[in-house]
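Q: my questions concern the predicted model and sequence given below.
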Amino acid sequence: MRLGSIVDACRAESSSPCGRSGFRPPPFRASRATRLRRIHWISASLVLLALIPLKAAALITVGSLDTPGDANGVEVVGGLAYVADGSSGLRIIDVSNPAEPSEVGALVVGPSIRDVEVVADRAYVVAEDEPRPSTLRVIDVSNSAEPSEIGSFRLEGPLVYDIEVVDGIAYVADGALQIIDVRDPGAMTRIGGVQPILTVVGVDVAYPHAYLAATRPTPGEIAN
């Protein structure tokens, strides 16, 4: 059963970004559910779809690319698709020609990447590591042919599901909600968070609230 929660990002912890000197509230951004997406996932393949507004049932496949791993998430910026491809890492795919998408770069980090968020020339990925817990990694993608890791931060949960980055602050769903200052990839710090009684598996931010998607823990599961 999927439930929803709304968290005041300014009150998640006393050290939240809202109380920091010089903090600028992020602009409103439509949630991922309301953005017009042109990406659909079938198994481990990247499939591009032509989406006709107001006629959502009229979808046609215009191109595809089979990724080497298990595609868990995707972000499209400036004609490039950044794919969280499980054990095959971050794959960067040129989708400027939807009929012929092609991989232009890749970087394998962590045993399994679960999600990716791209802001400017940085890709923020959350990965499940061994030994656990999971890790937030920052990747420089200014050169899409040679992406490179420039920072990492150990998370608290054993699993990780989703990440949203707004104005230098990362909101990570790893069973709980972790709020991390990522403006300096070499010195990232946790500045807040919240642990509902449910397992947080998704997050989106529309200032001043964080919207959480959560599930009830399965029998024997411990939410961290």
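A: That came in fine, so what should we check first?
Q: once you drop chain neighbours, what's closest to Leu90?
A: Among residues not flanking Leu90 along the chain, Leu107 sits closest, at 5.0 Å (C-beta to C-beta, 6 or more residues apart in numbering). For the C-beta atoms, the positions are set from N, CA and C on the backbone; glycine is no exception.
Q: surely that neighbour meets Ser148?
A: Yes. The pair Leu107 and Ser148 passes the contact test of C-beta atoms under 8 Å, sitting 7.1 Å apart.
Q: please enumerate the shared neighbours of the two.
A: Residues touching both Leu107 and Ser148 (C-beta atoms under 8 Å, 6 or more residues apart in numbering) are Ile139.
Q: and the helix or strand containing Glu164, what does it pack against?
A: Element membership for Glu164, per DSSP states H and E: strand 162-166. Applying 3 or more C-beta pairs under 8 Å, 6 or more residues apart in numbering; DSSP states H and E, we find strand 162-166 packed against strand 112-119, strand 122-128, strand 169-173, strand 199-206.
Q: of those, give the one that comes closest to Ala187.
A: Ala187 lies closest, by C-beta to C-beta, to one member of the helices and strands packed on strand 162-166: strand 169-173, at 13.6 Å.
Q: and the angle for the helix or strand just after the closest one with strand 199-206?
A: As assigned by DSSP H and E, the chain's next helix or strand after strand 169-173 is strand 177-181. Strand 177-181 runs at 50 degrees relative to strand 199-206, counting by axes from the mean of the first three to the mean of the last three C-alpha atoms, to 10 degrees.
Q: tell me the angle of the helix or strand following strand 177-181 relative to strand 169-173?
A: Counting by DSSP H and E, the element after strand 177-181 in chain order, helix or strand, is strand 189-194. Angle between the axes of strand 189-194 and strand 169-173 is 50 degrees (criterion: the same axes, to 10 degrees).
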